[in-house]
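Peer 1: have a look; sequence and predicted model below, questions after that.
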Amino acid sequence: MRGSLFWKLMAAFAAVILVGIGGSLLLAGRTTETEFRRYAHGSDQERWQDVAAAAGEHYAAQGTWDGVETVLPRRQGQGRGAGGSNLLRLADSQGRVVASRPEGAVGETISAAELRAGLPIVVAGERVGTLLLPGGQPLTVEQQAFLGRVQAALAISGGGALVVALVLGALLVRGITHPLRHLSSASRSIAEGELDIRVPVRSSDEVGQLAVAFNQMATDLAGAEEARRQQAADIAHELRTPLTVIQGHLEALADGVFAAEPDNLEPVIEQARLLARLVEDLRTLSLAEAGRLELAPVVVDVGDWATGVVAGFRSLAADRGIALGFEIDADLPDVRMDTARMAQVLGNLLDNALRHTPEGGRVDVHVARGEGAVVVSVGDTGPGVPPDQLSRLFERFWRGDPSRSRRTGGSGLGLAIARRIVEAHGGRMWAEAISEGGLGVTFCLPAG
């Protein structure tokens, strides 16, 4: 506990409080004593003013300072002031001492600072001398007792302020460290795999914001873990069907149920191809999600590129009795892209549209100019996707009809891969329902 944040902050608070209160008490004590002494000796000022006036009358009458000792009082008290002197001295206009009580300081030269602190003696408008007062006079017993009581009260009030400040500081520090202890405990629980742990949010300050961020992180981790488990289950499900077909045919061939003829080997070969395509799709998607998908971008004319890709699907559309429309806006800007990867994207959109559009339907491709971008959209007149499922269209292994087999529904990775490839080019992809009742999928790429 000695190294905990609570005690470190408390030590820092205590040091600051002690310095602050101690300095304030020291200053207040000295100021109080100085001002009290000045007040206690305030009545002496009239006496010294009378002495200075008498010395001035002597100089006015005599014209010199000779014999001025007679106007100086003989006793100044027994204490010593800040200057360490109990002498009452009188200096002439040049700052030389001409008389003192007790005697013995005559002839000394007084500094300018001391002269400024003395009482000036003025005759006929001219400063002819200075009365230098003795050091501080001793306090009486009653005065010393009063000053002691004041200083004791200051000490007691300072001690009380110290205790109150430490208590308030402890409450403040606890308000900081208590949520942090919750966060520390929760983080250890999450590290041990308890992803349902959340911490209470009791404030809107930085600590509260940290708690909110921690809870969001825990939620994201739980979602990522659930997605990982779901992905593993989906991959296992996708692999099970072709592996089962391959295993069944190979066992039948091994048992002699089937003869080793091309017709019996073709299903095995087809399922092997499906497995190879699924593995390659998974590899491509993993590279794209990790930002490690290799691209070879070049500046291309999007119209010419799209024309070539669409041309490759015209025969397929004709075989299925589907009209394939193609429209290109004029004056399209060039785009910098990997033509092979983007052909994979547009080809996937066309393949999906043709697969889900019934005979007699229509698929339209439109390449248009956007704001600083080129927009490519593929729309069909198929059954479309319910609005509440549009957001799931780009999830891996998701199919609008879960009952469809891979033969008719694909691997469920095509759109996820397509979106990642578009994003790797700095673009974006989205889906929306179209007025004809089908589905429209659009992507845009920044102009190159």
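Peer 2: Cool, got the structure. None of the values given here were measured: they were computed from a predicted structure. Numbering: from 1, shown residues only.

Peer 1: got a list of what Val363 touches?
Peer 2: 317, 322-325, 350, 353-354, 357, 378-381 (C-beta atoms under 8 Å, 6 or more residues apart in numbering). Every residue, glycine included, has its C-beta placed from N, CA and C.

Peer 1: nearest to Arg188, of those residues?
Peer 2: Arg188 lies nearest to Val378 out of the contacts of Val363, by C-beta to C-beta, at 50.0 Å.

Peer 1: and that closest one, how far is that from Ala416?
Peer 2: 16 Å (C-beta to C-beta, to the nearest Å).

Peer 1: also Val68?
Peer 2: 112 Å.

Peer 1: okay, which residue is most central for this structure?
Peer 2: Central residue of the chain (C-alpha atoms, centre = their mean): Glu206, 8.5 Å from the mean position.

Peer 1: I'd like the average pLDDT over the longest helix seen in the chain.
Peer 2: As assigned by DSSP state H, the longest helix anywhere in the chain is helix 141-191. Averaged over helix 141-191, pLDDT sits at 82.

Peer 1: per-residue pLDDT, the residue nearest to the centre of the chain?
Peer 2: 79.

Peer 1: how about Trp7?
Peer 2: Predicted confidence (pLDDT) at Trp7: the value is 77.

Peer 1: can we start the residue count at 16 from this point?
Peer 2: Okay, residue one is now 16; in that scheme the one you just asked about reads as Trp22.

Peer 1: tally of neighbours for it?
Peer 2: 13 (other C-beta atoms under 10 Å).

Peer 1: could you check the angle helix 156-206 makes with the helix or strand hosting it?
Peer 2: In this structure, Trp22 sits in helix 20-55 according to DSSP states H and E. Computed by axes from the mean of the first three to the mean of the last three C-alpha atoms, to 10 degrees, the angle separating helix 20-55 from helix 156-206 equals 160 degrees.

Peer 1: toward the C-terminus, what is the element adjacent to the helix or strand bottoming out on mean pLDDT in the chain?
Peer 2: Here the helix or strand of the chain ranked lowest by mean pLDDT, DSSP states H and E is helix 421-424, holding a mean of 47. The first helix or strand that comes after helix 421-424 along the chain, using DSSP H and E, is helix 429-439.

Peer 1: show me the shaky parts of the stretch 316-463 of the chain.
Peer 2: The model of the stretch 316-463 of the chain has pLDDT under 70 over residues 412-427, 451.

Peer 1: try 80 this time
Peer 2: 403, 406-407, 410-428, 450-452, 463 (pLDDT under 80).

Peer 1: any chance you could map the helices in the stretch 266-415 of the chain?
Peer 2: 277-304, 317-326, 329-334, 354-371 (DSSP state H, counting those that start in this stretch).

Peer 1: comparing these, which comes out most buried?
Peer 2: Among the helices of the stretch 266-415 of the chain, helix 354-371 has the highest mean neighbour count (mean count of other C-beta atoms under 10 Å), at a mean of 20.

Peer 1: tilt between that helix and helix 429-439?
Peer 2: Using the same axes, to 10 degrees: helix 354-371 against helix 429-439 is 150 degrees.

Peer 1: now for helix 354-371, which elements pack on it?
Peer 2: Judged by 3 or more C-beta pairs under 8 Å, 6 or more residues apart in numbering; DSSP states H and E, helix 354-371 is in contact with helix 317-326, strand 377-385, strand 388-395, helix 429-439, strand 454-461.

Peer 1: and that helix, how far out from the chain's middle?
Peer 2: 43 Å (C-alpha atoms, centre = their mean, to the nearest Å).

Peer 1: what angle separates that helix from helix 277-304?
Peer 2: Using the same axes, to 10 degrees: helix 354-371 against helix 277-304 is 120 degrees.

Peer 1: list the contacts of helix 354-371.
Peer 2: By C-beta under 8 Å, 6+ apart, helix 354-371 touches 308, 310-311, 313, 315, 320-321, 323-325, 327-328, 331-332, 335, 337, 339, 378, 380, 391, 393-395, 397-398, 423, 425, 429-430, 432-433, 436-437, 439-440, 444, 454, 456, 458, 460.

Peer 1: count the residues that sit near Ile436.
Peer 2: 24.

Peer 1: ok, Ala185 next?
Peer 2: With other C-beta under 10 Å as criterion, Ala185 counts 15.

Peer 1: can you pull the contacts of it?
Peer 2: By C-beta under 8 Å, 6+ apart, the contact set of Ala185 is Met25, Phe28.

Peer 1: what's near enough to touch Val325?
Peer 2: If you count contacts by C-beta under 8 Å, 6+ apart, then Val325 has Leu339, Phe341, Leu361, Leu365, Val380 around it.

Peer 1: surely Ala446 and Gln404 touch.
Peer 2: No: Ala446 is not in contact with Gln404 according to C-beta atoms under 8 Å; the separation is 9.7 Å.

Peer 1: so which of these two has more stuff around it?
Peer 2: Ala446 (20 against 13).

Peer 1: if I look at that one, how far off is Gly453?
Peer 2: In terms of C-beta to C-beta, Ala446 sits 11 Å off from Gly453.

Peer 1: so how many other residues sit close to the nearest residue to Thr192 once chain neighbours are set aside?
Peer 2: Closest residue to Thr192 apart from its sequence neighbours, by C-beta to C-beta, 6 or more residues apart in numbering: Phe21 at 4.6 Å. Per other C-beta under 10 Å, the neighbour tally for Phe21 reads 16.

Peer 1: returning to what we had before: using JSON lines, lay out the contacts of Val378 together with distance to Arg298.
Peer 2: Shown next, in JSON lines, are the contacts of Val378 (distance: C-beta to C-beta, whole Å):
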{"residue": "Ala332", "distance to Arg298": "30"}
{"residue": "Ile337", "distance to Arg298": "32"}
{"residue": "Ala338", "distance to Arg298": "36"}
{"residue": "Leu339", "distance to Arg298": "31"}
{"residue": "Gly340", "distance to Arg298": "34"}
{"residue": "Leu365", "distance to Arg298": "23"}
{"residue": "Ala368", "distance to Arg298": "25"}
{"residue": "Leu369", "distance to Arg298": "26"}
{"residue": "Thr372", "distance to Arg298": "30"}
{"residue": "Val393", "distance to Arg298": "25"}
{"residue": "Gly394", "distance to Arg298": "30"}
{"residue": "Asp395", "distance to Arg298": "29"}
{"residue": "Thr396", "distance to Arg298": "34"}
